[in-house]
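In: Have a look; sequence and predicted model below, questions after that.
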Amino acid sequence: MGQGCAGGMVKDPHIGDPEFGWQDRRTPASGRFGETYYSADGGLEESRLVFLKGCGLPEAWQGRRRFTIGETGFGTGLNFLAAWDLWRRSGPPDAVLHYMSVEGYPLAHAELAEALAPWSQLSPLASELLQALPAPLTNGFHRVTFGTDRVFLTLLVGEVGDMLETADANVDAWFLDGFSPARNPEMWRDEVLRHVARLSAPGAFLASYSVAGTVRRGLSSVGFNVEKKPGFGRKRDRLVARYEGAASPSRRPAWAPPQTLLDARRIGIIGAGIAGANLAAALRARGVQVVVVDGAPRAPAASGNPVAAIMPKVDLGSDAASEFSRLAYRHAVRTLPQDAVVSRGAVSLARTDKEADRFQRFASRVAGCAWAGSERVSAMAGLPLAHSGLISQDARTVTPIPLVDWLLSGSDLIQLSLGSDSIDGSVISALYAADQALDAIVIAAGAITPDILRAFLGETSAAELPMFQTPGQLSAAPETEISRDQRCVVSFGGYITPPIAGLHYVGATYEHNVTETPDQAGTLPLTAEGHARNWAALTEMLPLWSGTADPGPAGGRRSIRATTPDRLPILGPVGRDNGVWNVTQHTQHDAPHRGQRQNIPLYVATGLGSRGFTTSGLLAEILCAEWFQEPCPVPLPAALAVHPNRFEHRRLRRTQDRR
C-alpha cells in the first residue's frame with residue numbers, strides 16, 4: 001500500500017490551475033494550454049510506445065539494483081502508472097524504482113480520478129496513487145512510497161526551472177511530456193534542458209512525443225544524441241535520445257561532498273529511538289539488511305514517551321532551514337501508520353498580540369492551517385477556550401512506542417550497553433555477527449551520540465558536533481468530566497494532549513545545566529518542580545484546569561533530548577577525511593574477525609530535539625538518497641541545512657569575515 005493521506009485534494013491557491021476539462025467528451029484536456037493530456041487514439045498505448053519503449057524499457061533496468069526515471073509534466077499520472085505497471089511485471093527482484101516528476105499545474109484529486117478512470121487495467125495502481133498523494137497538493141517537494149513494489153515517487157510541484165534548479169538526482173531515463181512547445185514554451189526552454197542534462201546519468205535515455213526543431217536542437221546542444229522514430233496514432237514522429245555527455249559535477253559545496261554507498265548490503269545503526277527506527281525502515285524498503293544496537297529493550301529517551309505531538313513549526317522564514325522544517329512536517333503527517341495515531345489536528349492558542357499576528361501570517365501561507373476565533377478553536381479542541389488561535393488540521397498525536405516498534409520490525413535488534421567502554425568491544429562484535437561485513441555505521445543515539453563518537457574517534461571529533469543534553473518532563477493528569485471530550489492537542493507554549501487511557505499529558509519542560517546521568521532507557525527521575533512548571537503553564541492559559549488536582553501523583557516521564565545551537569538535526573558523515581571518518585574495527589572479542597582492521601564510513605543522525613517524530617522520517621529519506629544516488633526528497637539547500645559540517649563551515653566563514 002502507498003503511504004499517505006486519503007481524502008479530497010483541495011487546490012493550493014499558490015499553484016497554477018490547469019483548467020481541467022474534456023475534449024469531445026473523450027479526452028482530458030487543459031483549458032489553460034488548449035491541449036489534451038494524452039492522445040485521443042489511446043493514451044496508455046501512447047505512453048507505452050513513446051516513453052517506455054522510447055527509453056528502452058524494460059530492458060534498460062534489467063540487472064539494476066535501482067533505476068530512476070525523470071519526467072517533465074506529471075499531468076494525469078498516466079506515464080507514472082504505466083511505468084509502475086511495467087516495473088511490477090518485469091522489474092529486477094529486490095530492486096528499487098524511483099520516479100521524479102515536475103508539475104507546475106497539478107490536477108486536483110477528483111480530476112486525477114476522472115482522467116484515469118478509462119484505464120481499468122490500471123485501476124488498482126490508480127487507487128493507490130490517489131490514496132497516497134498528499135491532500136492538498138502544495139508547492140514544493142513531495143515523497144510518496146509504494147513499499148510493496150519498492151517504488152518511490154518524488155513529485156516536484158512548481159515552476160519547472162525553479163524545481164529542477166534545486167533538485168539533486170541521477171536520472172537513467174527521461175520522459176519529456178509537457179504540453180507542446182507551441183502551447184507551453186516555458187517547459188522546453190534551454191534552461192530546463194540544461195537541468196535535464198545536469199541531472200542525467202551518463203548514457204541516460206530520453207523520450208518525447210515532441211520532435212519540434214527547437215527541442216531537437218536544444219537537446220543536442222546539451223549532450224543528447226537525438227533521433228526521430230515513427231510516432232503514435234495521428235502523430236507521424238516521436239523523439240528518442242541518449243545522453244552522451246559526462247556526468248555533471250556535483251552542486252554540493254566542498255564542505256559537504258557527496259557520499260555514496262551504491263553497493264551497500266548491510267548497515268549498522270547504534271540507537272533504537274525514532275531516528276534509528278525511521279532509518280532502519282527506509283533502508284529495509286531498499287533491500288538493505290539492518291542491525292540495530294541499543295541499551296534499552298524498547299524505544300529509549302524521548303522516543304519512549306507515552307505520547308508525541310506532530311505539529312507544524314510556526315516559521316515565517318524563507319531560508320533552507322525553514323524549508324526543511326516545513327517539508328519534514330508535511331512528510332511526517334503523510335507517512336504515519338494509522339494505528340499509531342491517537343488524534344488528528346491541533347490548536348495553538350495565541351498568548352500575545354505579536355503571536356496572534358505571527359499565527360495569522362503563517363495560516364495565510366500554509367495549506368491546512370487557519371486562524372480562528374475562540375468559538376471555532378473551542379469546537380476544534382472539544383474544550384471551552386477563551387483565546388483565538390491557529391488551527392492545524394493535519395497535525396497528529398501519536399503513541400511513540402508502537403510506532404517505533406513498527407518501524408524496527410524486520411531489523412536485527414541487539415540489546416547491549418552503550419557505555420563508552422563497550423563501543424570498541426561488544427557493540428562492534430554484535431554489529432559484525434554472523435561473519436557479515438558492514439558497509440556503514442550510523443550513530444542515532446540522541447544525546448549520548450557525542451559519547452559514542454568519542455569512543456570511536458576521540459575527544460576532538462566529538463567536540464565538532466555542538467550538542468546539548470536537554471531534559472524535559474511530561475506530567476500526567478487524570479481526565480475530568482469536561483476534559484474527556486478534548487479531541488486534539490492544545491498548545492499554549494506547552495501543550496496538553498487528549499486523554500489516553502484516562503490520562504492527559506502536559507508538557508514539556510526544557511531544563512538547562514542538568515548534570516544528572518540518565519539510565520539506559522535515557523530517562524531521569526520525575527521532579528516536583530517539573531510538575532509544578534507544567535501545571536502553572538497549563539492553568540494560566542486554560543483556567544478550566546485551575547480547580548483540579550496537581551498532576552504530580554498521576555506520574556509522567558522525564559527524558560533527555562539532544563539539541564543543537566540552531567535547533568536543526570545533524571545528519572551525515574562525520575569528519576573531513578574525504579567527508580567520512582575512517583573507523584578502525586577492533587574485534588578482539590569476535591573470533592571470526594579477530595585481528596582484522598577495516599575502514600568503515602561513520603555517520604550520525606542526531607540532534608532532533610523535541611521534534612524527532614516530525615523530522616526523522618524525512619532525514620532517513622535524505623540520507624538514503626545521498627547514499628544510493630536517488631532523487632533527493634528536498635531541495636539541495638534544505639538537505640545541506642542539516643549537514644554535520646555546517647558548524648565548522650560557519651566558523652571558518654566568520655573567521656574569514658573578520659579578516
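Out: Noted; the coordinates are in hand.
In: Name the spans of the stretch 551-659 of the chain whose pLDDT lies under the cut-off.
Out: 551-553, 575-598, 659 (pLDDT under 70).
In: what does the chain give?
Out: Using pLDDT under 70, the flagged stretches of the chain are 1-14, 419-426, 428, 432-436, 458-463, 549-553, 575-598, 659.
In: hang on, isn't residue 526 packed against residue 559?
Out: No: at 10.5 Å, residue 526 does not count as touching residue 559 under the criterion of CB atoms under 8 Å. Using the backbone N, CA and C atoms, a C-beta is placed for each residue, glycine as well.
In: Give me the more crowded residue out of those two.
Out: Taking other CB atoms under 10 Å, residue 526 and residue 559 do not tie; residue 559 has more neighbours (24 against 17).
In: Wasn't that one part of a helix?
Out: No: assigned with DSSP: H, G, I helix; E, B strand; the rest coil, residue 559 falls outside any helix and is strand.
In: Tell me the bridge partners for it.
Out: residue 472, residue 523 (DSSP bridges).
In: what about it, distance to residue 510?
Out: 12 Å (CB to CB, to the nearest Å).
In: dump the residue contacts of the spatially closest residue to residue 403 that is not a sequence neighbour.
Out: Here the nearest residue to residue 403 in space, its sequence neighbours aside, is residue 340; by CB to CB, 6 or more residues apart in numbering that works out to 4.0 Å. Counting by CB atoms under 8 Å, 6 or more residues apart in numbering, residue 340 touches 398-399, 402-403, 406.
In: what's the answer for residue 522, then?
Out: 273, 296, 300-302, 304, 446-448, 559-560.
In: out of those residues, what pair is the most spread apart?
Out: Taking CB to CB as the measure, the contacts of residue 522 span a maximum distance of 14.3 Å, between 304 and 448.
In: Those two: who's more crowded?
Out: residue 448 (26 against 21).
In: nearest residue to the more buried one other than its sequence neighbours?
Out: Counting by CB to CB, 6+ apart, the residue nearest residue 448 is residue 418, at 6.4 Å.
In: in a strand, that's where the one you found is, yeah?
Out: No: Residue 418: not assigned to a strand; according to three-state DSSP it is coil.
In: so who does it touch?
Out: Taking CB under 8 Å, 6+ apart, one finds 270-271, 293-295, 427, 445, 448, 451-452, 520 in contact with residue 418.
In: Would you show me how to pick out the buried ones of the residues you listed in PyMOL?
Out: To isolate the buried ones among these in PyMOL, judged by 16 or more other CB atoms under 10 Å, type:
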select buried, resi 270+271+293+294+295+427+445+448+452+520
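In: re earlier: please enumerate the shared neighbours of residue 559 and residue 510.
Out: In contact with both residue 559 and residue 510: residue 472, using CB under 8 Å, 6+ apart.
In: Show me which positions of stretch 175-183 end up buried.
Out: So for stretch 175-183, counting by 16+ other CB under 10 Å, buried means 175-181.
In: Which ones among the residues you listed map onto helices?
Out: Assigned to helices by DSSP state H, none of the buried residues of stretch 175-183 qualify.
In: Need the max-distance pair from these.
Out: Every pair of the buried residues of stretch 175-183 checked by CB to CB; the farthest is 175 and 181, at 15.7 Å.
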